[in-house]
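Enquirer: Take a look and give me a structure for this.
(chains A, B, C and D)
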There are 2 protein chains.
Amino acid sequence: MFVSLCTQFCSLVSVKKTIFLYGLALAVLVLIMRMIEYRFLVRDLTLEFYIGLVALFFTALGIWVGLRFTRKKVVVIGPEFHFNEKEQIQRSISKRELEVLELMAQGLANQEIADQLFVSLNTVKTHSSNLFSKLEVSRRTQAIQKAKKLNLIP
Amino acid sequence: MFVSLCTQFCSLVSVKKTIFLYGLALAVLVLIMRMIEYRFLVRDLTLEFYIGLVALFFTALGIWVGLRFTRKKVVVIGPEFHFNEKEQIQRSISKRELEVLELMAQGLANQEIADQLFVSLNTVKTHSSNLFSKLEVSRRTQAIQKAKKLNLIP
DNA sequence: TCTCAAATCACCCGAAAGAATGAGAGCGTT
DNA sequence: AACGCTCTCATTCTTTCGGGTGATTTGAGA
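Expert: Now for the predicted structure:
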């Protein structure tokens, strides 16, 4: 909350132009009002109309100014990960192979992957070997990079 | 941009109360203006004053409404990374070793690290070896985990 | 000047990774 | 039942990688 207020304050400081334009708009509007007032001589009957008009205009202006100060706060968090199932099917990569791939991407050794999946070390080696040929790579690091490129892992 | 607009629209739909209050405030203000107007009979001389007052009030209202719609957009991104220099000094970890550590955390192999730092593979090995003893670990994966824990790398 | 830490590199060895091959169990489809 | 696919495991062999030790050069500081 405090940080938010500080940010708004900083924005306020750096937008002298906006304040100037705001005052200018106010003056111009008043001028226009006066001109209209003298031209049609309907001052008494439509005072509420004038006031409503001014209110509407300056509400819109206020909303615009308010949005302007906070627009920069809309922050985009990194791109979301969408699994590329098409690529998985095209390369006929099985579920188990994907599991091995994910653990491999976490920097785990084959033995650790084997322990985590409750299978033999040789099984992990077989999976990774098949994975390498399906991804057309030869080493695990290349496999990880290519898998990330193909949106198979985050 | 499109998403932003949609969000604002959704917010608009869900704030009927705000719109109602807005209209109410407008009516009340007009009423007050009229009362003041009839009480002091100074309509002609201070029209600009009235208009300015209305403008100011509704600008403030507009800013408030604008802020209200965007306040929810302030998103907090994950915890920021603050490098733990104290830990680095205590363990007497050199700059070069830190560089190796960062690249190691990116999953790069020793040869790739060597290529990136324009040094020999053996040099990288020496650095990483010293790093391991300073971090009291024996393998690179452990080193990465511990370094993250000690805020030496993001 | 001497000292020490940092950075660099070479050599050696064991562990891990990867390739190639074979094979058996389970499961769904034809 | 026969077939195909996945998952599983084993064995052998080669290559790569990781880690340790020792050594040299350089620059900053006591």
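Enquirer: need the residues of chain A near DNA strand D, please.
Expert: A:92, A:94-97, A:117, A:119-123, A:125-127, A:139 (C-beta under 7 Å from any atom of the strand). Just so you know, the C-beta spots here come from the backbone N, C-alpha and C atoms, and that holds for glycine as well.
Enquirer: The residues you listed: which two are farthest apart?
Expert: A:S92 and A:L121 (24.0 Å; C-beta to C-beta).
Enquirer: which one of the two has more residues nearby?
Expert: Counted by other C-beta atoms under 10 Å in any protein chain shown, A:S92 and A:L121 do not tie: A:L121 has more neighbours, with 14 against 9.
Enquirer: excluding its backbone neighbours, what's nearest the more buried one?
Expert: Once flanking residues are discounted, A:L121 sits nearest to A:A114: 4.6 Å by C-beta to C-beta, 6 or more residues apart in numbering or on different chains.
Enquirer: Need phi/psi at that neighbour.
Expert: The phi and psi values for A:A114, taken as degrees, to the nearest 10, are phi -60, psi -40.
Enquirer: and if you look at A:S94?
Expert: phi -80, psi 170.
Enquirer: Enumerate every residue touching it.
Expert: If you count contacts by C-beta atoms under 8 Å, 6 or more residues apart in numbering or on different chains, A:S94 has none.
Enquirer: Now with 10 Å, please.
Expert: By C-beta atoms under 10 Å, 6 or more residues apart in numbering or on different chains, A:S94 lies in contact with A:88, A:100, A:127, A:130-131, A:134.
Enquirer: Out of the residues of chain A next to DNA strand D, which comes closest to B:A60?
Expert: Among those, A:K95 lies closest to B:A60 (C-beta to C-beta), at 59.2 Å.
Enquirer: Was I right to think that closest one contacts A:I89?
Expert: No - using C-beta atoms under 10 Å, A:K95 is not in contact with A:I89; the gap is 11.8 Å.
Enquirer: how far away is the nearest residue to A:S138 once chain neighbours are set aside from DNA strand C?
Expert: Of all residues not flanking A:S138 in the chain, A:F132 sits nearest, at 6.1 Å (C-beta to C-beta, 6+ apart). Going from A:F132 to DNA strand C by C-beta to the nearest atom of the strand, to the nearest Å gives 5 Å.
Enquirer: same check, this time on A:E112
Expert: Note on A:E112: its distance to DNA strand C, by C-beta to the nearest atom of the strand, is 8 Å.
Enquirer: cool, and A:V54?
Expert: 68 Å.
Enquirer: And the pLDDT for that residue?
Expert: pLDDT, A:V54: 71.
Enquirer: which of the contacts of A:S94 has the most neighbours?
Expert: Highest neighbour count within those: A:V100, with 28 neighbours (other C-beta under 10 Å).
Enquirer: Please name the residues that touch it.
Expert: Going by C-beta under 10 Å, 6+ apart, A:V100 touches A:94, A:108, A:110, A:113-114, A:116-117, A:119, A:123-128, A:130-131, A:140, A:143.
Enquirer: In ChimeraX, how would I select the buried members of these?
Expert: Typed into ChimeraX, the line below selects the buried ones among the contacts of A:V100, using 16 or more other C-beta atoms under 10 Å in any protein chain shown:
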select /A:108,110,113,114,123,124,127,128,130,131,140,143
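Enquirer: Out of the contacts of A:V100, which sit inside helices?
Expert: Of the contacts of A:V100, the ones assigned to helices by DSSP state H are A:110, A:113-114, A:116-117, A:123-128, A:130-131, A:140, A:143.
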